[in-house]
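> predicted model, plus sequence, below.
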Protein chains: 2
Amino acid sequence: MSQDQSLPQGTTIGILGGGQLGRMLALAAAKLGMRSHIFCPDPDSPAFEVTPHKTVAAYDDEIALAAFADTVDIVTYEFENVPAATAEFLAARKPLRPGANALAISQDRLAEKSFLSARNIAVASYRPVETIDQLRSALTELGQPAVLKTTRLGYDGKGQRLIKSIDEAADAFAALSPKPLVLEAFVPFEKEISVVVARNLQGEVKTFEAAENVHRHHILHTSTVPAAISSTLEKHASMAAKAIVIALNYVGVLGVEFFVVPGKDRPSLIVNEIAPRVHNSGHWTEAVCLTDQFEQHIRAILGWQLGDPSRMADVVMQNLIGDESLDLGDLLTAGAQPHLYGKTEPRPGRKMGHFNKITPKTPTLL
Amino acid sequence: MSQDQSLPQGTTIGILGGGQLGRMLALAAAKLGMRSHIFCPDPDSPAFEVTPHKTVAAYDDEIALAAFADTVDIVTYEFENVPAATAEFLAARKPLRPGANALAISQDRLAEKSFLSARNIAVASYRPVETIDQLRSALTELGQPAVLKTTRLGYDGKGQRLIKSIDEAADAFAALSPKPLVLEAFVPFEKEISVVVARNLQGEVKTFEAAENVHRHHILHTSTVPAAISSTLEKHASMAAKAIVIALNYVGVLGVEFFVVPGKDRPSLIVNEIAPRVHNSGHWTEAVCLTDQFEQHIRAILGWQLGDPSRMADVVMQNLIGDESLDLGDLLTAGAQPHLYGKTEPRPGRKMGHFNKITPKTPTLL
């Protein structure tokens, strides 16, 4: 590690976004002796409760952004939809890690897929769609069913439509246009896994083990580690995740979601999406790893040596959505480690917390 | 668990003391969705960096204490030397957990020893000392060497003198009087261990495993778990710790330090001291336990079910004293988990952080 590139204890880390990920980043920063300054437009941001330093302002408020940049040593973010102008404005003043290129690519499904394809990382077949005619041709080429998605600002199943036949094309197009769209071939996947990978300022790269993810109503429900996959697939997932952060010259933690697709001889992987930030499917690391994804992100952007991602136990992470967080009775029992985000209003679909169910480590059998 | 006695998410916990223990309590409270308000006279308190709610005022400032009590739902503390008047003032306004009786007993070595002896928990033989004549008689009765200590406000070896012969009595007495004193028989111990125990509002009691402690210059250097003691001793230590919190009707986490004393047939335990708070020798729990001592304290005082204290790995906790915290190179390597307190000035003897060195769990052999 080149010591002169690393930032010292007492560094103030500016964090864009005050949700639970920003909150957990600030908690991890505190554990390393750092200060955090949270920038978020929402005055009720949960991350505001874990540091005395905050700015409540819009992401395009350049006066507030300039003042924020003056008080911090480095800037990071908890979400991939940081506006490009905000990223550019801040990057001109303080180191922005991860960099603006990671935002640009992950904000746009087309840019992301073309970036990955160009590096021989498998993705679902896709076609850009600007007109209804393009959509019909794309449906013919890729077959049906297929999924029509907005290229930007989609998350938790929002901004997408499953199209089962060409007859449904017009309705789906009407529902999502005039936004730029992409049609993706339907992937008949066996399961979904994800890998959280870190690359620090000096180029050191480490991955956490793969998690096996189950969604409910398009929102992550559980992440189980170890995933029930072969050691070959586990290795492939880790290698793909490493290749992505190296290609991006990335600094920080990044989440990669994969589909496990059945094949003639053996299953293979295709990348569903990447997220240039700590990832919900990495919350298990907090309970059972020597270094968790939040600390790993902070180490990476500070230019510190990466921590040891080894796992001490088996674990199932489960999200607490909406009013699931209100009755914790069963979650406080033996083997469960709850993490609550301090959100006041348990709205339906809102991530209120998670818990990790921990069991002794067993050897992976596959 | 009686649900109606337990405090909900979003509870504001008032914490007296803004050092690293208060800071770590606030971080643990945040992980359970709680808010913390730190009360400390020192404007540079490290705990002020992990919450937006603070009061900088003296512990006898009743206007500040009243305002503090108004903003919190419950009060706890990070140190045993909370003045009795402060405890009484706050306890009249909001639940104080642990209670004032735990402070009264642990603030005074004589009260502590008489409390323990009365419950058949072994302590070193002792005599109260108010005059030089009393000291000389006590030295004759208890033998030499013996240790003369102030009854109040001693910590990290401060406020005590080893007396090797009656000739040294006058010097030692002059150095420590006119404070109330106690002479303790010298204990030829093999090793020191400690147990962190928790009792919640409803009376549920759990202990963490014993740690084996090594001091340097009267300051804790390392805590190793598992301790190299027999399972019988481990059980005795746990039982003694449980008996203490039950006898005190205690709510929260308490640290018990024991000497392991060689015996005719087998070694036995005597209690060195108790601390009514989270304990430096319990910092290992943060790295390897399903629930750590900080979360356990927060659960206990909230009236929540206690967490699972099971341990996932073997561990050695080492304190970082003074400028040991400045060069972290080796501490960032595989298997090490650092925790830095965000203190700006690495003064000699000052606890700046700690790290846990983690290795796979091995069965206890003894």
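The structure has been received and is ready for your questions.
> name the helices or strands packed onto the strand or helix carrying residue A:300?
With elements delineated by DSSP states H and E, residue A:300 resides in helix A:293-302, which encompasses its position. When contacts are defined as 3 or more CB pairs under 8 Å, 6 or more residues apart in numbering or on different chains; DSSP states H and E, helix A:293-302 packs onto strand A:12-16, helix A:20-31, strand A:74-77, strand A:191-199, strand A:252-261, helix A:285-288. The way it works is simple: take the backbone N, C-alpha and C, and place the C-beta from them, glycine included.
> next SSE downstream of it?
In the C-terminal direction, the helix or strand that comes right after helix A:293-302 (DSSP H and E) is strand A:314-321.
> only C-alpha atoms, please: export the helix ranked longest in chain A in PDB.
When chain A is scanned for its longest helix (criterion: DSSP state H), the result is helix A:231-247. In PDB, the C-alpha atoms belonging to helix A:231-247 read as follows (Å, rounded to 0.1, in the frame of the first residue of the first chain):
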ATOM      1  CA  SER A 231     -17.300 -23.900  -6.500                       C
ATOM      2  CA  THR A 232     -16.700 -23.400 -10.200                       C
ATOM      3  CA  LEU A 233     -19.700 -21.000 -10.500                       C
ATOM      4  CA  GLU A 234     -18.600 -19.300  -7.200                       C
ATOM      5  CA  LYS A 235     -15.200 -18.700  -8.800                       C
ATOM      6  CA  HIS A 236     -16.600 -17.500 -12.100                       C
ATOM      7  CA  ALA A 237     -18.800 -15.000 -10.200                       C
ATOM      8  CA  SER A 238     -15.900 -13.700  -8.200                       C
ATOM      9  CA  MET A 239     -13.800 -13.400 -11.400                       C
ATOM     10  CA  ALA A 240     -16.500 -11.500 -13.300                       C
ATOM     11  CA  ALA A 241     -17.000  -9.100 -10.400                       C
ATOM     12  CA  LYS A 242     -13.200  -8.400 -10.200                       C
ATOM     13  CA  ALA A 243     -13.000  -7.900 -14.000                       C
ATOM     14  CA  ILE A 244     -15.800  -5.300 -13.700                       C
ATOM     15  CA  VAL A 245     -14.100  -3.100 -11.000                       C
ATOM     16  CA  ILE A 246     -10.800  -3.400 -12.800                       C
ATOM     17  CA  ALA A 247     -12.300  -2.300 -16.100                       C
END
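> tell me the buried residues in it?
Taking 16 or more other CB atoms under 10 Å in any protein chain shown as the neighbour-count basis, helix A:231-247 is seen to contain the buried residues A:233, A:234, A:236, A:237, A:238, A:240, A:241, A:242, A:243, A:244, A:245.
> between strand A:191-199 and it, find me the angle.
Relative orientation of helix A:231-247 and strand A:191-199, computed by axes from the mean of the first three to the mean of the last three CA atoms, to 10 degrees: 40 degrees.
> relative to strand A:252-261, how tilted is helix A:231-247?
Computed by the same axes, to 10 degrees, the angle between helix A:231-247 and strand A:252-261 is 140 degrees.
> helices and strands around helix A:231-247, which ones?
Helix A:231-247 packs on strand A:191-199, strand A:205-207, strand A:252-261, strand A:268-275, going by 3+ CB pairs under 8 Å, 6+ apart.
> circling back: quick check, nearest of the buried residues of helix A:231-247 to residue A:10?
Looking at the buried residues of helix A:231-247 and their distance to residue A:10, the nearest is residue A:245, at 27.5 Å (CB to CB).
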